[in-house]
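In: A structural model of the following input is requested.
(chains A, B and C)
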Amino acid sequence: MRVALFVACFDDAMFPATGKAVTSLLERLGHEVSYPPGQTCCGQVHWTTGYHREAAALARGFTGAFEGSEAVVTASASCAVAVRDAYPRIARSARDPGLARAAEGLAVYELTEFLVDVLGVTDLGAYFPHRVTYHPTCQSLRTLGVADRPLRLLRAVRGLELVELPAAEECCGFGGAFAMKNADVSVAMVADKVRHVRDTGADVVCAADNSCLAHIGGALSRLRGGVRVMHLAEILAETGPV
Amino acid sequence: MTASSGTAGEARAPVPLPTPKFATAARAALADTRLRRNLRGATASLRERAGASPEPGDWEELREAGRAIRDDALLNLDAHLEELERAVTEAGGTVHWAADAAEARRIVLALVQATGAREVVKARSLVAREIGLNGALAAAGITARETALADLVVQLGGDEPSHLLSPAAHRDGAQIRELFLRGLLGAPPDLPDEPAALVGAARAHLREGFLAARVAITGANFLVAETGTAVLLESEGNARMCLTLPDTLITLAGIEKVVPAWADLEVLLQLLPRSAAGEAMTPYVSSWTGVTPGDGPRAFHLVLLDNGRTRALADEVGRAALRCVRCSACLNVCPVYERTGGHAYGPVYPGPIGAILTPQMRGVESAADASLPYASTLCGACADVCPVKIDIPEVLVHLRGRVVESRRRRPVPTPELLMMRGLAWTMGDARRYEAALRRGTRWARLLSRGGRIRRLPGLLGKWTEARDLPAPPAESFRAWWRRRP
Amino acid sequence: MSGESGAGSREEILRRVREALGGARGARPPVPRGYARRLPEAEAETRADVLALFTERVADRRAAVRHVSADELATAVAAALWGREAAQIAVPADLPYGWLADLDGVRALADAPALDTETLAACDGVVTGCAAAVALTGTVVLDGGRAQGRRALTAVPGYHLCVVHADQIVGTVPEALGRLDPSRPLTWISGPSTTHDIGMARVEGVHGPRHLEVLVVED
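Out: Below is the predicted model:
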């Protein structure tokens, strides 16, 4: 299958390891990976913060960059939501039926959906000998409904000890602009998330979205929490010594 | 007396002002450790009650029906209101129409004064609070006695409700005991702070007020257009006494409370009790149609209030908020509400539903109102539990758009607008983006120490108040991709 | 002065509504009514199942519930009132005389002419029938009809003894609504007066009946 990689702008700049991991995973499975160079930002932050005109312009750019792709795959659950869930709304608010059609023509998948549903694999031959807990981000859990797909992928990783995160389904407090506009509430929320993460005794907390992980990881780092954050894709790409 | 902006005068604001911005009010709430503990306990207990009994097998079907019934009510609101008025009038009631809070206060005050009563009993009505009724009555020398236990606690405490259905959720037993010792006549000084003892003390106090009451003021959960029937759900029985003992009954309701037909109650009476308290049925459901000779009040007045509701109705996306049946399920699951409580959202409509209702009813011109749509992480827990399927995150994002649009017209652009516009311009072209990416990475790496950034400048500084940011790697993904063999 | 005080805004509000709705006005979204109107067959194969469900749910609501035959009713009513040490009770004027036939040492005040509120408040309890009952929710519904009296009778005293005939019990809320007349004042009662407003602890009896007792008469 020809897969067009959609790397979220903050992943591009801040967390390139995630995109590299997705590339190696998909190539390992025998698929042809491309990276459309015209891609920049999907417009998610502009849309959710209320800058709807700007979001519409970015959405047009995005659909142009990925036009004609067989399958678009991203490791950012919230960006997948932006394209799939928000683009029709962005098009409506911008009264742009062309954008609506272009968005409808894109087959965008979040990584775990793509692996489990489209490719039908859960065991990626990964080896990761660590104690790991999984945080279901709100967009992957509620909007995409990825359900237990990430857990099924993690359970197939050799050497990995998966521990359940208490109050896992509660938001970490990131929420895009919320983390800045309501920084105090955001911090109060991540303080509880960090407490739950530490209660698991895990050395790695993973998720399917680097934006929430940057939040949880940022708090853990400030507190010298002794727990690492890692994108799920990076764990799945680990094959250990061969 | 409760602090309230309301007097009989011409206040322009449809809802009492939520003066500070959400973030400012939230900061104070977050620092109140007792409040935090009480709220944590209250929301956990409400969630536990909601989860205690299994969802009925047809819950999704009920929600779908509930959504459609409420939509029908709203999309035909004018016809339903006229039908309601006709039916209530035929059954011996009188319907009054109030365009705003001031008019509603005038109507109620005139009705009470016509009876000569110096005291009224009140059973929980959010609309009464919305219009600042207690203050208006007090200014005219009329005492309003709150009859629901939690409303009494709020009244004695001189603050505002913090939850739609449990207005005193922010108080614990010890605080309530102190309020009772100060405010309840005959409360013994050795009153313990156990719930049962406190309820006992309140029962004696409240009962006395009912027996002499000549005028009652209540809210209503539903108004059935077809039959002219008002419906009210409650747990304590205070509303039952308000509905049956006094000679005059004044019921206040927003115009959106209408439901088309009697048969629609078969859905709403299953949705509301479960979403409100995890019960198959609320302890007491009362319904009445006009007046009934020999049973209850001799005069029934229904005051229908607009006060910004038609403003919300005019918004194709935002009008979904008017489907709300005030169950408060969205509050109980909201991680923001759990930490800030209801007061941060302004005085009347707290939680996620308040964050979409208040700015629509009042507009987004003031900084406080404009901050409400941002009082959410968009986590979506509220939409999952809403019994009438209001997509609260969708409306929040829509209202954020309205806030931004209203700010674009300012002569001097806000720093945020400049930043977001600049960001969009940069991102609008891959080459511009790449150049900015290289500059940004260099700059961020200069700010970092030991692989992390501990302080960011400007608007981004809010992030690093309590969180680090990893230093970006020297090579971006796209740079790596380009040099791949 | 009352009736006309709000008349001025009637047209204004209706105008605002019509303007707000614009082209959307008058759309009748179809209401999907795929929810259950009756109990699932597995739960309500026989009449006895429905009665058993009612009994279980009334008890869940922390009301006392007992089944009696028609000829035991008077004794059961008397026993319940003795159990509560009731000295004086209120009853609707048209309560069947037979229900109170075994009463001894309890003064029953008929609500005709209407008892004043102080007298009602001084009563230890009230005995009524009902108009319908709902098994799934453990609810009795009063409509002011025969043996039920006006609403205040059951709102004020601290104890309510409600007699339910087996044939008045239906399975679900939709079934009950179909049986009830919206023009009558209705009171749906599910358990005693309850509050959770102090520290979220459940406490019964803030206002009206602290205790609800239901006698199911099987004929």
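In: which residues of chain C fall in strands?
Out: C:64-69, C:88-91, C:107-110, C:125-128, C:132-134, C:139-142, C:159-165, C:169-170, C:186-189, C:194-198, C:201-204, C:211-218 (DSSP state E).
In: Pull the distance from the longest one to the chain's centre.
Out: Centroid separation for strand C:211-218 versus its chain: 12 Å, with CA atoms, centre = their mean, to the nearest Å.
In: cool, and the first one?
Out: What separates the centre of strand C:64-69 from the centre of its chain is 17 Å, taken as CA atoms, centre = their mean.
In: Repeat that for the fifth one.
Out: On the basis of CA atoms, centre = their mean, the separation between the geometric centre of strand C:132-134 and that of its chain is 8 Å.
In: neighbours around residue C:99, how many?
Out: The criterion is other CB atoms under 10 Å in any protein chain shown. On that basis, residue C:99 has 23 neighbouring residues. Glycine gets a C-beta too; all of them are placed from N, C-alpha and C.
In: So for the nearest residue to it once chain neighbours are set aside, what's the pLDDT?
Out: Distance criterion CB to CB, 6 or more residues apart in numbering or on different chains; nearest residue to residue C:99, sequence neighbours excluded, is residue C:77 at 5.4 Å. pLDDT, residue C:77: 97.
In: How about the contacts made by residue C:77?
Out: Each residue near residue C:77 by CB atoms under 8 Å, 6 or more residues apart in numbering or on different chains is listed here: C:99, C:100, C:102, C:103, C:127, C:161, C:163, C:215.
In: go with 10 Å
Out: Residues counted as contacts of residue C:77 (CB atoms under 10 Å, 6 or more residues apart in numbering or on different chains) are C:68, C:89, C:95, C:98-103, C:106, C:127, C:161, C:163, C:213, C:215.
In: Buried ones only from those, please, as a PyMOL command.
Out: Selection of buried members from the contacts of residue C:77 for PyMOL, criterion 16 or more other CB atoms under 10 Å in any protein chain shown:
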select buried, chain C and resi 68+89+95+99+100+102+103+106+127+161+163+213+215
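In: Out of the contacts of residue C:77, flag the one nearest to chain B.
Out: residue C:213 (14.9 Å; CB to the nearest CB).
In: Could you give the number of residues near the closest residue in space to that closest one that isn't next to it in sequence?
Out: Nearest residue to residue C:213 in three dimensions, chain neighbours excluded: residue C:64, at 4.3 Å (CB to CB, 6+ apart). Residue C:64 has 15 neighbouring residues, counting by other CB under 10 Å.
In: quick revisit: include distance to residue A:149 and mean pLDDT when you put the strands of chain C into CSV, please.
Out: Converted to CSV, these look like this (distance: least, CB to CB, whole Å; pLDDT from 0 to 100):
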stretch, distance to residue A:149, mean pLDDT
strand C:64-69, 48, 96
strand C:88-91, 63, 97
strand C:107-110, 68, 96
strand C:125-128, 57, 98
strand C:132-134, 42, 98
strand C:139-142, 43, 98
strand C:159-165, 51, 97
strand C:169-170, 44, 97
strand C:186-189, 45, 98
strand C:194-198, 39, 89
strand C:201-204, 40, 89
strand C:211-218, 49, 96
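In: and the gap between residue B:442 and residue B:471?
Out: 11 Å (CB to CB, to the nearest Å).
In: my bad, residue B:72
Out: 56 Å.
In: who has more neighbours, the two?
Out: Legend: neighbour count by other CB under 10 Å for residue B:72 and residue B:471, higher for residue B:72 (21 against 18).
In: I'd say that one and residue C:32 touch.
Out: No: at 11.8 Å, residue B:72 and residue C:32 do not qualify as touching, with contact defined as CB atoms under 10 Å.
In: State whether the residue nearest to residue C:213 and residue C:212 are indeed in contact, as I suppose.
Out: Yes: with contact defined as CB under 10 Å, residue C:64 reaches residue C:212; the gap is 7.4 Å.
In: Next one: the residue of chain C most remote from its centre, what pLDDT does it get?
Out: Residue farthest from the centre of chain C, counting by CA atoms, centre = their mean, is residue C:23 at 43.3 Å. With respect to pLDDT, residue C:23 has a value of 92.
In: so what's the residue in chain A that chain C sits nearest to scoring on pLDDT?
Out: Chain C sits closest to residue A:92 of chain A, with a gap of 14.7 Å, by CB to the nearest CB. With respect to pLDDT, residue A:92 has a value of 96.
In: can I get the CA coordinates of the helix or strand where it lies in PDB?
Out: According to DSSP states H and E, residue A:92 maps onto helix A:87-93. Once non-C-alpha atoms are left out, helix A:87-93 reads as follows in PDB (Å, rounded to 0.1, in the frame of the first residue of the first chain):
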ATOM      1  CA  TYR A  87     -12.800  20.000   8.300                       C
ATOM      2  CA  PRO A  88     -16.400  19.500   7.400                       C
ATOM      3  CA  ARG A  89     -17.300  22.100  10.100                       C
ATOM      4  CA  ILE A  90     -14.500  24.400   8.900                       C
ATOM      5  CA  ALA A  91     -15.900  24.200   5.400                       C
ATOM      6  CA  ARG A  92     -19.400  24.900   6.700                       C
ATOM      7  CA  SER A  93     -18.200  27.900   8.700                       C
END
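In: buried set for it?
Out: So for helix A:87-93, counting by 16+ other CB under 10 Å, buried means A:87, A:89, A:90, A:91, A:93.
In: helices or strands up against that helix?
Out: helix A:44-49, helix A:52-66, helix A:97-104, helix B:392-408 (3 or more CB pairs under 10 Å, 6 or more residues apart in numbering or on different chains; DSSP states H and E).
In: Can you show me the helices along the stretch 1-150 of chain B?
Out: B:22-31, B:33-52, B:59-75, B:77-90, B:101-115, B:126-130, B:133-139, B:149-157 (DSSP state H, counting those that start in this stretch).
In: Which residue ranges of the stretch 151-300 of chain B form helices?
Out: B:173-183, B:195-212, B:238-244, B:265-277.
In: what does chain A give?
Out: A:9-13, A:16-28, A:44-49, A:52-66, A:77-81, A:87-93, A:97-104, A:111-113, A:138, A:149-155, A:178-181, A:183-199, A:210-222, A:232-237 (DSSP state H).
In: Any idea which of the ones you listed gets closest to residue B:411?
Out: Across those, residue B:411 has its closest neighbour in helix A:52-66 (18.8 Å, CB to CB).
In: what comes up buried for the closest one?
Out: Buried-residue list, helix A:52-66, by 16+ other CB under 10 Å: A:52-63, A:65-66.
In: contacting residues around the closest residue to chain A within the stretch 151-300 of chain B?
Out: In the stretch 151-300 of chain B, the residue that lies nearest chain A is residue B:162 (15.6 Å; CB to the nearest CB). Neighbour list for residue B:162: B:29, B:35, B:38-39, B:42, B:150, B:154, B:168-171, B:331, B:337, B:340-345, B:347, B:350-351 [criterion: CB under 10 Å, 6+ apart].
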